[in-house]
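# Sharing a sequence plus its predicted fold:
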Amino acid sequence: MNITSTKTLHNGVEMPRFGLGVYKMTDREEAIQAMTTAIDTGYIAIDTASLYNNEVEVGEAVKASNVRREDLFITSKVWNADQGYDETLRAFETSLKKLDMDYLDLYLTHWAVPGKFKDTYRAIERLYDEKLLRATGVSNHQIHHLEEIFATANVKPMVNQIEVHPYLTQVEVRDFCTANDIAVTAWSPLARGKTVDDATITSIGQKYGKSSAQVVIRWHLQLGNIVIPKSVTPSRIKANAQVFDFELTNEDMQLISALNKDERTGADPDNFSFKF
């Protein structure tokens, strides 16, 4: 496994196992610098969303890099206020213009808005049929949301991006996704920094000469998760990628997974305020 390792989605597309999340990167210069540092370090995936208000910066960073667009994997998401069939098609067009790209590698429903998420996914399927997307997916979808989509979809979602970290292991949802050949991307993979001071994780890190963050990122990769740690600090962006020169033992993996306490740092998909 290395920084460009991929996971094969169920349509055959290779999705990078490791990438940069850009949530809350709102300062233009800082965002472009972070993305440029990541690409220069060897990251080949960037995960954005219309909500993040930095799609323009993602596009500029990609253009300014020495890496060809087709060698990068760019993900964006349709926000809740823009969901529905026609609305999603329009939102996608807006995102594509901001990114200044001809296609996206992956487009996700950001949250499962009641009464809308199935039509939203139907629009994503159309974009996929029109070859404007290389892969389809959803975010923050529980098992029951996925089952509702399965009932009408022509193409199953290839990815489900959910909150996963040692304090919220989401075993049931991850197992369901695995059984249905849906790749899991972990957002908030470090529990917004809460796991970096954990005594168990720190102790494991000392054994390998690695930081707690590096240990947790490695845990995700060995679980089979796609992982998108976020940072605007160049040194941390580089450090987050230094996780391919060691391997956690089965005992280490179990100790970290045992830290689960079903503790979210973000919203619960079943108790989300969909007021816009």
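Noted; the coordinates are in hand. Being a predicted model, the structure only gives us computed values, none of them experimental. Residues are numbered from 1 along each chain as shown.
# use CA for all of it now, contacts and neighbours both
Will do.
# Give me the nearest residue to residue 24, chain neighbours excluded.
Computed as Cα to Cα, 6 or more residues apart in numbering, the closest residue to residue 24 that is not its neighbour in sequence is residue 52, at 6.1 Å.
# correct me, but the one you found touches residue 22?
Yes - at 7.5 Å, residue 52 counts as touching residue 22 under the criterion of Cα atoms under 8 Å.
# More neighbours: those two, which one.
Higher neighbour count among residue 52 and residue 22: residue 22, with 24 against 15, using other Cα atoms under 10 Å.
# and that one, what does it touch?
For residue 22, the contact set (Cα atoms under 8 Å, 6 or more residues apart in numbering) comprises 31, 46, 47, 48, 52, 54, 230, 231.
# just checking, the first one is part of a helix?
Yes - under DSSP: H, G, I helix; E, B strand; the rest coil, residue 31 sits within a helix.
# what about it, how many neighbours?
Counted with other Cα under 10 Å, residue 31 comes out at 22.
# any idea how far residue 227 is from it?
Taking Cα to Cα, to the nearest Å as the criterion, residue 31 is separated from residue 227 by 19 Å.
# go on, the fourth one?
According to Cα to Cα, residue 48 stands 13 Å off from residue 227.
# Where does pLDDT dip in the stretch 151-276 of the chain?
275-276 (pLDDT under 70).
# whoops, I mixed them up, the stretch 1-150 of the chain
By pLDDT under 70, the stretch 1-150 of the chain has no low-scoring segment.
# Could you pull out the strands in it for me?
6-8, 14-16, 20-21, 45-47, 73-78, 104-109, 133-139 (DSSP state E, counting those that start in this stretch).
# Just send these back as a markdown table, with distance to residue 205 and mean neighbour count too.
Shown next, in a markdown table, are the strands of the stretch 1-150 of the chain (distance: least, Cα to Cα, whole Å; neighbours: other Cα atoms under 10 Å):
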| stretch | distance to residue 205 | mean neighbour count |
| --- | --- | --- |
| strand 6-8 | 25 | 15 |
| strand 14-16 | 25 | 21 |
| strand 20-21 | 22 | 24 |
| strand 45-47 | 26 | 23 |
| strand 73-78 | 30 | 23 |
| strand 104-109 | 33 | 25 |
| strand 133-139 | 30 | 24 |
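# what's the closest of these to residue 200?
Closest approach to residue 200 among the strands of the stretch 1-150 of the chain (Cα to Cα): strand 20-21, 25.5 Å.
# neighbouring contacts of that closest one?
35, 38, 43, 45, 46, 47, 48, 187, 228, 229, 230, 231.
# same thing but at 7 Å, please
45, 46, 47, 48, 228, 229, 230 (Cα atoms under 7 Å, 6 or more residues apart in numbering).
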